[in-house]
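Peer 1: fold the following.
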Amino acid sequence: MIETVRLSQEARDQLITLKRYTGIKNWNVLCRWAFCASLREPSPPPSHPIETDSTVEMTWRVFGGVHADLYWALLVARAARDHREMDDEGLALTFRRHLHRGIGYLVGDIEMRSATGLVELPMRK
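Peer 2: Predicted coordinates for the structure are as follows:
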């Protein structure tokens with residue numbers, strides 16, 4: 001199980017932008033949206049290394065809130081589908097890649113200029 005979720009400096013900066021655009025104040029809420037946005041994509045995230053060099057970190061329980069077990073199940077299912085390592089380290093890496101890709105998707109999406117853009121995201125595409 002992932003104990004601590006850490007972000008790169010770039011992801012931190014992107015989340016600050018998303019907070020400004022959407023008015024959503026909590027890192028964990030935006031990170032949940034980002035994780036799900038990445039899971040929505042059929043292709044696996046890129047395999048490049050991600051340096052978690054920012055000061056932003058949260059526990060898995062803070063990330064997932066009352067639905068932490070559901071997010072864990074989604075991660076495990078996606079890792080299995082993409083033929084990723086299923087040990088703790090492999091799942092943590094898969095999660096980190098999805099989280100960072102999702103943050104990039106959200107900040108790059110012109111529709112994410114408000115909280116409404118997040119709510120409407122599942123209905124697009």
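
Peer 1: please enumerate the helices of the protein.
Peer 2: With DSSP state H, the ranges of helices along the chain come out as 9-22, 27-40, 60-64, 68-81, 88-108, 115-120.

Peer 1: what's the closest of these to residue 54?
Peer 2: helix 9-22 (3.9 Å; Cβ to Cβ). In short, each C-beta sits where N, CA and C put it, glycine included.

Peer 1: list the buried residues of that closest one.
Peer 2: Residues 10-12, 14-15, 18, 21-22 are the ones in helix 9-22 that count as buried (16 or more other Cβ atoms under 10 Å).

Peer 1: angle of it against helix 27-40?
Peer 2: 100 degrees (axes from the mean of the first three to the mean of the last three Cα atoms, to 10 degrees).

Peer 1: convert helix 9-22 to CSV, retaining C-alpha atoms only.
Peer 2: In CSV, the C-alpha atoms belonging to helix 9-22 read as follows (Å, rounded to 0.1, in the frame of the first residue of the first chain):
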residue,chain,number,x,y,z
GLN,A,9,7.9,20.6,-8.3
GLU,A,10,6.4,20.9,-11.7
ALA,A,11,3.2,19.2,-10.5
ARG,A,12,3.1,21.4,-7.5
ASP,A,13,3.3,24.5,-9.7
GLN,A,14,0.6,23.1,-12.0
LEU,A,15,-1.7,22.4,-9.0
ILE,A,16,-1.3,26.0,-7.9
THR,A,17,-2.5,27.1,-11.3
LEU,A,18,-5.4,24.7,-11.1
LYS,A,19,-6.3,25.9,-7.7
ARG,A,20,-6.4,29.5,-9.1
TYR,A,21,-8.5,28.5,-12.1
THR,A,22,-11.0,26.3,-10.3
